[in-house]
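In: sharing a model prediction with you, sequence too.
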Amino acid sequence: MARPVVAIVGRPNVGKSTIFNRIIGDRLAIVEDKPGITRDRIYGASEWNGKPFSIIDTGGIELDDEEPILKSIRMQAELAIEEADVIVFMCDAKAGVTGSDEEVAGMLYRSGKPVVVAVNKVDNIGRMDNIYEFYNLGFGDPIGVSGSHGTGIGDLLDAITDNLPELAEDNYEDDVIRVALIGRPNVGKSSLVNAILGEERVIVSDIAGTTRDAIDTPFEKDGQKYVLIDTAGMRKRGKVYETTEKYSVMRAMKAIERADVVLVLINGEEGIIEQDKHIAGYAYEAGKASVFVVNKWDVVEKDDKTMHQFEQKIRDHFLFMTYAPVVFLSAKTKQRLHKLLPVVQHVAEQHTKRVQTHLLNDVVSDAIAINPPPTDKGRRLRINYVTQVTVKPPTIVVFVNDPELMHFSYERYLENKIRAAFNFEGTPIRLFTRRKS
Ligand code: GDP
Ligand code: GDP
């Protein structure tokens, strides 16, 4: 099921990114351990009261530097109105209600979207009085928060989750592989969709249960059913979020949420840029299977080493996604196109694979025998048993004497051993450590 999207809007310097980081909190800490994920992230996944959601800091969407500030905020608010399910309107208790706050409030109000007003920089009790004037914005109780102290975040999250809509399940059958294509404008997403659908033996079909929306394109090849997610969104041009590269990010996020397999398109002609990393990082974090697709391979001057070198570049840039296979192709000439769907099918299988507990424990026991867990202040981590609890992505719980003793490097060692034994190509694996003696 897709997660609802929460967007933070507000003037510069009110504390949007500070609060954003508070909300994605410990997740970010985990991710920061992994080289290759950059710090200036603008979207992340979170959960509160058992309700998962995605969150985006629209302030981090880079607009043309020439844009006047008010115009930028307006564009960000427009984007939030278009794509978000709940909008957090961030204001500043020190500054009070400003003219641009009022203007943005007007836009948000007219949209009819659920809006939560968060008043930041309430660093002490005295400043609590400052929040009353924010009632005038017309969105009910403003929530006082302090990004510096971390206070009020729980109340803010309560207000956000109270307003989250119940999202309809995608009603595709389990045997349908849901595929999202993501990548910068002009990387060749629509061309690749057309190329896939134009391939021999592809049957563009109505699969039972696909009436949900005309934005997806179902098809079948070699007996396997697929659906391309949000193909309409790719054709939607000229909208405000298409005018700047980063505006496509939010749409991509939603497509990723609904997908099983994410095709991360890279322009073979231009190479890898920072934005490719952001979006791929989100696919990783959302626990989706991924394949790197290097498109426009027809125009790349190559010899027998080019492919290997390009793959190496991908590995260097996406250190956190070494599990994802790389496919080189040309959507235009259809060169190597036939290689793509079998890879998609393969990673989808890995993403839903369940490994029996005894097999998993055999592998982990061997791993421990070869390389015993290190000791920490004289105490040694003892692993009692491991078991896979879910799929999509494969999620494995490691029961130990004391979770504090499990270090990132040892966890990675175990993950590598598990991958070596059971493949899991193309899918992230989640390892959780729990106490059980
Ligand atoms: P953004 O531009 O809206 O994303 O704002 P930032 O999160 O970058 O914060 C802008 C400035 O406000 C930074 O200097 C923060 O340290 C500061 N700031 C953020 N939260 C608080 C807070 O709760 N209290 C105070 N006093 N300062 C804060
Ligand atoms: P999108 O914005 O990601 O959907 O990209 P498009 O599919 O619209 O493609 C952008 C441009 O790149 C178009 O001019 C395409 O003809 C061109 N293009 C797409 N795929 C290829 C390819 O494999 N090789 C070459 N040479 N050009 C391509």
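Out: Ah, there it is. Residues are numbered from 1 along each chain as shown. Ligands and ions are numbered 1, 2, ... in the order given.

In: the helices in the stretch 151-300 of the chain, which residues?
Out: Taking DSSP state H, counting those that start in this stretch as the criterion, the stretch 151-300 of the chain contains helices spanning 153-163, 189-197, 231-235, 240-243, 248-258, 274-285.

In: excluding sequence neighbours, find me the nearest residue to residue 108.
Out: residue 115 (5.0 Å; CB to CB, 6 or more residues apart in numbering). C-beta here means a position set from N, CA and C on the backbone, and glycine is covered the same way.

In: and that neighbour, what are its bridge partners?
Out: residue 87 (DSSP bridges).

In: quick check: domain ranges of the protein?
Out: Following the assignment in the TED database, the chain carries domains at 5-163, 177-348, 357-435.

In: now the second one: average pLDDT?
Out: Same thing as domain 177-348. The average pLDDT for domain 177-348 rounds to 85.

In: shift numbering so it begins at 295
Out: Yep, numbering from 295; the last one is domain 471-642 now.

In: show me how far that domain is from its chain's centre.
Out: 15 Å (CA atoms, centre = their mean, to the nearest Å).

In: low-confidence ranges in the stretch 345-494 of the chain?
Out: 355-361, 461-464 (pLDDT under 70).

In: what does it put close to ligand 1?
Out: 353, 414-415, 417, 440-442 (CB under 6 Å from any ligand atom).

In: hang on, the earlier thing: just name the most buried of the helices of the stretch 445-594 of the chain.
Out: helix 542-552 (a mean of 23; mean count of other CB atoms under 10 Å).

In: extract the CA atoms of it and return them as PDB.
Out: The C-alpha coordinates for helix 542-552 follow below in PDB (Å, rounded to 0.1, in the frame of the first residue of the first chain):
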ATOM      1  CA  SER A 542       9.400  15.700 -10.300                       C
ATOM      2  CA  VAL A 543      10.800  14.200  -7.100                       C
ATOM      3  CA  MET A 544       7.500  14.200  -5.200                       C
ATOM      4  CA  ARG A 545       5.700  12.500  -8.000                       C
ATOM      5  CA  ALA A 546       8.400   9.900  -8.200                       C
ATOM      6  CA  MET A 547       8.200   9.300  -4.500                       C
ATOM      7  CA  LYS A 548       4.600   8.400  -4.800                       C
ATOM      8  CA  ALA A 549       5.300   6.100  -7.700                       C
ATOM      9  CA  ILE A 550       8.000   4.400  -5.700                       C
ATOM     10  CA  GLU A 551       5.700   3.800  -2.800                       C
ATOM     11  CA  ARG A 552       3.300   1.900  -5.100                       C
END
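
In: do that helix and ligand 2 meet at all?
Out: No - counting by CB under 6 Å from any ligand atom, ligand 2 has no neighbours in helix 542-552; the shortest distance is 8.6 Å.

In: tell me what that helix is packed against?
Out: strand 299-303, strand 337-342, strand 345-351, helix 363-377, strand 470-476, helix 534-537, helix 568-579 (3 or more CB pairs under 8 Å, 6 or more residues apart in numbering; DSSP states H and E).

In: of those, which is nearest ligand 2?
Out: Nearest to ligand 2 among the helices and strands packed on helix 542-552 is strand 470-476; the distance by CB to the nearest ligand atom comes to 7.9 Å.

In: elements contacting that closest one?
Out: helix 483-491, strand 518-522, helix 542-552, strand 555-561, helix 634-645.

In: possible to save these as a markdown table with distance to residue 692?
Out: Converted to a markdown table, the helices and strands packed on strand 470-476 look like this (distance: least, CB to CB, whole Å):
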| stretch | distance to residue 692 |
| --- | --- |
| helix 483-491 | 38 |
| strand 518-522 | 34 |
| helix 542-552 | 27 |
| strand 555-561 | 27 |
| helix 634-645 | 20 |
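
In: okay, now residue 566: neighbour count?
Out: 18 (other CB atoms under 10 Å).

In: so who does it touch?
Out: With contact taken as CB atoms under 8 Å, 6 or more residues apart in numbering, residue 566 is in contact with 560, 607-608, 611.

In: and if we set it to 6 Å?
Out: By CB atoms under 6 Å, 6 or more residues apart in numbering, the contact set of residue 566 is 560, 611.
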